[in-house]
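Undergrad: Build me a structure from this.
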Amino acid sequence: MTQSTESEFVTLLRDRGEQLRSEAAKIDEQRAYLQAEYTRREAQLRERVERLEEELLHIDQILELRDGSRPQGQVSPPPISKVRNIEDAVYNMLASEGHGIHYRTILERLNGSGVVVPGKNPGATLVSQLIRDGRFSRPKQRGVYALREWAPNAKNVGARGRKPRRRTRLNA
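TA: Alright, predicted model coming up:
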């Protein structure tokens with residue numbers, strides 16, 4: 001390769017590098033814009049859902065008073081919790097408590113605060129949801145759940161010390 005051909009090649013590579021840097025910068029700008037737009041739109045939708053939940057609560061309360069199922073002046077607790085999901089409710093509960101709590105106690109408190117855990121076996125559903133969420137850990141006591149931030153080196157809730165199963169051959 002001659003020196004002039006080599007310098008042309010280097011120039012072409014530098015030009016292409018600048019084009020790629022410029023395109024990457026444009027994409028980063030678009031990504032930042034889309035993230036900001038997403039955050040703004042998500043906040044709008046949350047506010048709308050809260051307004052709809054409030055309106056629904058008022059309608060339910062009016063219907064209860066009209067049907068006479070509750071004495072006047074007494075209002076039923078809101079059926080829809082302000083907490084977005086069960087995991088957030090458990091997180092808030094554990095954070096305010098400051099120590100681990102048995103899942104049955106967590107379930108009782110959730111039900112008492114109006115957060116309903118669905119399923120045929122709500123306890124199993126709750127444990128299943130806590131296992132999938134990385135914010136929780138299970139200390140040494142069985143059935144007790146705590147926040148991972150209290151023991152960052154703790155194993156994942158769902159991790160168990162099982163040995164892998166050995167496959168055995170069936171003699172036929």
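
Undergrad: Poorly predicted segments of this structure, please.
TA: Along the chain, segments meeting pLDDT under 70 span 1, 68-84, 155-172.

Undergrad: quick one, longest strand in it?
TA: strand 144-147 (DSSP state E).

Undergrad: Residues touching the strand or helix carrying S128, excluding its own?
TA: Secondary structure assigned from DSSP states H and E places S128 in helix 122-132. With contact meaning Cβ atoms under 8 Å, 6 or more residues apart in numbering, helix 122-132 is reached by 86-87, 90, 103-104, 106-107, 110, 117-119, 136, 145, 156-158. The way it works is simple: take the backbone N, C-alpha and C, and place the C-beta from them, glycine included.

Undergrad: ok, of the residues you listed, which one's closest to L20?
TA: Lowest distance from L20 to the contacts of helix 122-132 (Cβ to Cβ) belongs to N156, with 40.0 Å.

Undergrad: List just the nearest of the contacts of helix 122-132 to Y33.
TA: Of the contacts of helix 122-132, the one sitting nearest to Y33 (Cβ to Cβ) turns out to be E87, at 30.5 Å.

Undergrad: my read is G114 is in a helix, agree?
TA: No - G114 sits outside any helix when classified using DSSP: H, G, I helix; E, B strand; the rest coil, being coil.

Undergrad: That one: neighbouring residues, count only.
TA: For G114, the count of nearby residues is 15 (other Cβ atoms under 10 Å).

Undergrad: Now it. Its backbone dihedrals?
TA: When quoted as degrees, to the nearest 10, the phi and psi of G114 stand at phi 90, psi 0.

Undergrad: Taking helix 122-132 as reference, get the angle to whatever helix or strand N92 lives in.
TA: Assessed by DSSP H and E, N92 sits inside helix 86-97. Counting by axes from the mean of the first three to the mean of the last three Cα atoms, to 10 degrees, helix 86-97 lies at 80 degrees to helix 122-132.

Undergrad: So which elements touch the helix or strand just after helix 86-97?
TA: Moving toward the C-terminus from helix 86-97, the next helix or strand (DSSP H and E) is strand 101-102. For strand 101-102, the packing partners by 3 or more Cβ pairs under 8 Å, 6 or more residues apart in numbering; DSSP states H and E come out as strand 144-147.

Undergrad: what comes up buried for the helix holding S128?
TA: P122, L126, V127, Q129, L130 (16 or more other Cβ atoms under 10 Å).
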